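# Let me see the structure of the following:
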Amino acid sequence: MENAFVRYCNMPATVRSYVVLNGDNSYTIMLNRNLTREQNLISYYHEIQHIINGDYEKQCKNDADIIEFYAHQ
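Next up is the predicted model:
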């Protein structure tokens, strides 16, 4: 995906990843550097699916639980 960047950062083990919508409408996928490569690949794919599905442009974008609920239907 050409409008997505990846950064690794220290996060609690309970946070695998999250996405930031940048001012230029690109995305930065934040991955937990304390997790394994395999887990980060799974998390990366998960976040890319949210971007492809337009989940961050939906009206409920500020409620992660709702986004996750609809993403896994």
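
# which residues in this structure form helices?
In the chain, the helices defined using DSSP state H lie at 37-52, 64-71.

# List the buried residues of the longest one.
For helix 37-52, the neighbour count (16 or more other C-beta atoms under 10 Å) marks Asn40, Ser43, Tyr44, His46, Glu47, His50, Ile51 as buried. For glycine as for every other residue, the C-beta is placed from the backbone atoms N, C-alpha and C.

# For it, list the C-alpha coordinates in CSV.
Only the C-alpha atoms of helix 37-52 are listed here, as CSV (Å, rounded to 0.1, in the frame of the first residue of the first chain):
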residue,chain,number,x,y,z
ARG,A,37,8.1,-10.6,13.6
GLU,A,38,5.3,-13.0,13.0
GLN,A,39,2.9,-11.1,15.4
ASN,A,40,3.9,-7.9,13.7
LEU,A,41,3.1,-9.3,10.3
ILE,A,42,-0.3,-10.4,11.5
SER,A,43,-0.9,-6.9,13.1
TYR,A,44,0.3,-5.2,9.9
TYR,A,45,-2.1,-7.2,7.8
HIS,A,46,-4.9,-6.5,10.3
GLU,A,47,-4.3,-2.7,10.1
ILE,A,48,-4.1,-2.8,6.3
GLN,A,49,-7.5,-4.5,6.1
HIS,A,50,-8.9,-1.7,8.2
ILE,A,51,-7.5,0.9,5.8
ILE,A,52,-8.7,-1.0,2.7
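
# hmm, who's touching it?
Helix 37-52 is contacted from outside by 1, 4, 6, 8, 16-19, 27, 29, 31-32, 35, 56, 67, 71, using C-beta atoms under 8 Å, 6 or more residues apart in numbering.
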